[in-house]
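> Take this sequence and fold it.
(2 chains)
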Amino acid sequence: MDKKIAVQVDDLTVAYNYKPVLWDIDLEIPEGVLMAIVGPNGAGKSTLIKSILGILKPIAGSVSIYGKPYEEQRKLVAYVPQKGSVDWDFPTTALDVVMMGTYGSLGWIKRPRQKEKKLALEALEKVGMLSLKGRQISQLSGGQQQRIFLARALVQNASIYFMDEPFQGVDATTEIAIINILKELRKKGKTVIVVHHDLQTVPEYFDWVTFLNVKKIATGPVKDIFNDDNLTKTYGINYKVSIQE
Amino acid sequence: MDLQEYFSLVFSDYTLRTITLGTAILGAVTGMLGSFAVLRKQSLLGDAISHAALPGIAIAFLLSGAKDSNTLLLGALISGLIGTFWIRGIITKTHLKSDTALGLILSLFFGFGMLLLTFIQKQPNANQAGLDKYLFGQAATLVESDVWLMAIVTGICLFVLLLFWKEFKILLFDADYTKTLGFNTKFIDILITSFIVLAIVLGLQTVGVVLMSAMLLAPAAAARQWTNSLSVMILLAAFFGAFSGVFGTAISASQNNLSTGPVIVLVAAVFVAFSFIFSPSRGLLFKQIRFIKNRRDLELHKTLAFMHHIAETHEDISHPHTIKLLNNFQGFTRKTLQKLVEKDFVTLNGSMWSLTKTGFETAKNLYTKQTTEDE
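Residues are numbered from 1 along each chain as shown, chains lettered A, B, ... in the order given. Just a heads-up that it's a prediction; the model follows:
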């Protein structure tokens, strides 16, 4: 591997109570890949992302971003949480939510100004939501809300993007729009890590994949490791559905 | 004294002025901070905190042996804070849900407080009388220094709110994301909670332990109905709270000294009821009106579509057809036909109708238009 390592995870173990949700995860994500994290419900996919981002505190293990601890590299990382994790009846507009993407670089107390607003409007345009910028967020469809979240992360202009099920509850049009944006990010050399549920679309959308079920089952290029063998190991015995055409 | 007399006296009479100013400031600051509690879905937190303050009042009295309101409020503040952190501890350290933790602390502290109050009442100390006013509050005991204290706390609260506005807003909306941006969410959280506790404690003397949470929630719940902007919501909540304070005091003073706290809460409740019904975008009334109007529009569209279907079979789109033909169709009524004529989609001639050109075009584009409007 001659590529730089964007994200390195060593011996990561996370538990909510006694039972570990993630067990001894070692993971190297090379720069510039578009990677899917797949696994059954409860496999710890979201937990993995949240632990890497410091939202959850691991029991053991460490994470580094381009060779340095995450705390020093925050500005290089953007996060798209699950859409269902927030209350969409919150009194605010689409533009306002996207502006929140600039808060990190602003730091404490400083308010967003014209420059930040411009960045937010550009991001809204990229996700095709410019015409709805003033819309109250509860009046957006599920797909539009997902686009807003994506735009908020785009504003951060990061190098690494973590996305928790960005295709959940969106229609086909939005799914295509989102994946095109992700592919564009990869083209620019960004690293994109996506928790993904639809196994059918993995070979079409992604070039890198990690199989996860509490332990890491496999990680690598989709063309090498996305096979029935790994799927069976991840999802349980006799995984008979052949995904690859 | 009637209301008119009250308003003429409010600027000259010392007691009335003090009480009115106190309840107004209290209403404003609790309305403001209540917005945060409501948006964080911590509506019950206020109730738990105010009840948790009761044993603090009793213990402060037992220790000091005096009824100085500042000492008692300090006790309330300490026990309120202890209650709050126990609630947080229970939620994070056990599997109990937050409503269980709130209910547990609320009843535990309140029970303990009541126990202490009855114990104090049995003491042979003439000083203890009136300590139970903290249960339902007594605005008449407010003095100028109390009002000053409220004003200073409100000022600090306003300053902090403006200073950390952006941080408060993003934490309220998406706490996990806020953390990834590098903000110390625990600090922001403690800041908000501490101010809520402070506002509650300040209100205990006026409104009392039992009704205090209504001061926090009612103005905020009412304000949410009128706006989709956080800043406007907080301003409105402050205004509703202040107005409830003033008007509640006015009513209570003019009606044979009805207990002020409950009247203030009832005035706030009227704001809530009014807002729930009459708010243009979220209110029940306009929702129902919109619903009926939509149904009517749909009926109209269906009739037009049916006519279009018939007209299509003819070369001349405006070829007249008998009204009888429409009888097969269920959604049609005389009234809808009349409406279509008004809109110039249809012309009537005796018992015959024919589509106009605009009517034909509108009908043709009906479905395609609807699908594009949906997106």
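
> Show me what the strand or helix carrying A:D10 is packed up against.
Per DSSP states H and E: A:D10 is located in strand A:5-15. When contacts are defined as 3 or more C-beta pairs under 8 Å, 6 or more residues apart in numbering or on different chains; DSSP states H and E, strand A:5-15 packs onto strand A:20-30, helix A:45-52, strand A:60-65, strand A:191-195. All C-beta atoms are positioned from the backbone trio N, CA, C, and that covers glycine.

> who does the helix or strand following the first one touch, helix- and strand-wise?
Beyond strand A:20-30 on the C-terminal side, the first helix or strand identified by DSSP H and E is strand A:34-38. Under the contact definition 3+ C-beta pairs under 8 Å, 6+ apart, strand A:34-38 sits against helix A:45-52, helix A:172-187, strand A:191-195, helix A:202-205, strand A:208-213.

> in its sheet, what does strand A:34-38 sit against?
Using DSSP bridges, the strands paired with strand A:34-38 are strand A:191-195 (parallel), strand A:208-213 (parallel).

> Now do the helix or strand just after the last one against helix A:45-52: the angle between them, please.
Taking DSSP H and E as the definition, the helix or strand that follows strand A:208-213 towards the C-terminus is strand A:215-221. Taking axes from the mean of the first three to the mean of the last three C-alpha atoms, to 10 degrees, one finds strand A:215-221 and helix A:45-52 inclined to each other by 80 degrees.

> Quick check: phi and psi at the residue in chain B that chain A sits nearest to.
Residue nearest to chain A within chain B: B:L181 (3.5 Å; C-beta to the nearest C-beta). Taking degrees, to the nearest 10, you get phi -80, psi -10 for the backbone angles of B:L181.

> pretty sure it is touching A:A78, no?
No: between B:L181 and A:A78 there is no contact under C-beta atoms under 8 Å: 9.3 Å.

> ok, the two, which is more surrounded?
A side-by-side neighbour count of B:L181 and A:A78, using other C-beta atoms under 10 Å in any protein chain shown, places A:A78 first with 28 against 24.

> Relative to the whole chain's centre, how far out is the longest helix that chain B contains?
For chain B, the longest helix by residue count, based on DSSP state H, is helix B:284-312. The chain centre lies 35 Å from the centre of helix B:284-312; the measure is C-alpha atoms, centre = their mean, to the nearest Å.

> Quick check on A:G42: phi, psi?
Torsion angles, degrees, to the nearest 10, at A:G42: phi 80, psi 10.

> how many other residues sit next to it?
A:G42 has 10 neighbouring residues, counting by other C-beta under 10 Å.

> And it, how far from chain B?
Going from A:G42 to chain B by C-beta to the nearest C-beta, to the nearest Å gives 17 Å.

> Could you double-check that B:L96 sits in contact with B:G89?
No: the criterion here is C-beta under 8 Å, and B:L96 misses it with B:G89 at 10.6 Å.

> which stretch among the helices and strands packed on strand A:5-15 comes nearest B:F195?
Closest to B:F195 of the helices and strands packed on strand A:5-15, according to C-beta to C-beta: helix A:45-52, at 28.9 Å.

> What mean pLDDT does the closest one get?
The average pLDDT for helix A:45-52 rounds to 95.

> What are the contacting residues of that helix?
Contact with helix A:45-52 is made by A:7, A:9, A:12, A:14, A:21-22, A:25, A:37-39, A:56-58, A:63, A:70, A:79, A:82, A:162, A:164-165, A:193, A:195, A:212, B:176, as judged by C-beta atoms under 8 Å, 6 or more residues apart in numbering or on different chains.

> Would you mind finding the most buried of the helices and strands packed on strand A:34-38?
strand A:191-195 (a mean of 26; mean count of other C-beta atoms under 10 Å in any protein chain shown).

> Just want the angle from that one to helix A:172-187.
Interaxial angle of strand A:191-195 relative to helix A:172-187 (the same axes, to 10 degrees): 140 degrees.

> Quick one: distance of strand A:191-195 to the chain centre.
In terms of C-alpha atoms, centre = their mean, the centre of strand A:191-195 is found 5 Å from the chain centre.

> Same check on stretch B:354-362?
Between the centre of stretch B:354-362 and the centre of its chain there are 48 Å (C-alpha atoms, centre = their mean).
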